[in-house]
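Novice: give the three-dimensional model of this entry:
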Amino acid sequence: MKRLTKAERKELFGMFDGRCAYCGEELGRRWHADHVKAVFRRHSLTKQPGMGYKTQLVGADRIENDALDNFMPACAPCNLSKATYTLDQWRDVLAGYVGALDRNTPTYRMAKKHGLITETQIKVEFYFEKLARGAA
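Specialist: The predicted structure follows:
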């Protein structure tokens, strides 16, 4: 797996002026270099006597996606949420959050009932897409 150099991380960080490529929030110090097209890591889990379990990277699939031009700067929440989804799959997952909140969260429903939340049907658009069309 490619480990980015300090210079590459600096370049990636500056790609969107220190903002997450997906949500546009400032990255801060603990940001992630996300693979836009996922690399699937394989791990093994071994029991360590008296220490619990240890996970170890044993390989990866789609290693061709481990290239500098396939990285985006991401805040930790966006990178962890995106996981191995394609951008279109993740867009659908994010759009489904509103329905999940409505189904599963009485507090959300109460806030919506009293006009504190207004749901929209807008398409999820990522920060880098807004920048590309000049809307960010």
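Novice: Gly52 bridge partners, please.
Specialist: Beta bridges link Gly52 to Gln48, judged by DSSP bridges.
Novice: isn't Arg91 right next to Val124, touching?
Specialist: Yes. Arg91 sits in contact with Val124 when judged by C-beta atoms under 8 Å, with a separation of 4.4 Å. Heads up, the C-betas are built off the backbone N, CA and C, glycines and all.
Novice: so Thr55 is in which element?
Specialist: Element membership of Thr55 [criterion: DSSP states H and E] is strand 52-61.
Novice: I'd like the next helix or strand past that strand.
Specialist: Of the helices and strands lying after strand 52-61 in sequence (DSSP H and E), the nearest is strand 71-74.
Novice: hmm, who's touching that following strand?
Specialist: Residues outside strand 71-74 that contact it (C-beta atoms under 8 Å, 6 or more residues apart in numbering): 4, 12-13, 15-16, 18-22, 27, 31-36, 82, 128.
Novice: one step back: let me know the average pLDDT across the strand holding Thr55.
Specialist: For strand 52-61, the mean pLDDT works out to 67.
Novice: wait, doesn't Leu87 sit right on Phe126?
Specialist: Yes. Leu87 sits in contact with Phe126 when judged by C-beta under 8 Å, with a separation of 7.1 Å.
Novice: out of the two, which sits in the more crowded spot?
Specialist: Phe126 (21 against 16; other C-beta atoms under 10 Å).
Novice: need the contact list for the nearest residue to that one once chain neighbours are set aside.
Specialist: Residue nearest to Phe126 in three dimensions, not counting chain neighbours: Tyr22, with 4.8 Å by C-beta to C-beta, 6 or more residues apart in numbering. Residues in contact with Tyr22 (C-beta under 8 Å, 6+ apart) are Asp34, Met72, Ala74, Cys75, Cys78, Lys82, Phe126, Tyr127, Phe128.
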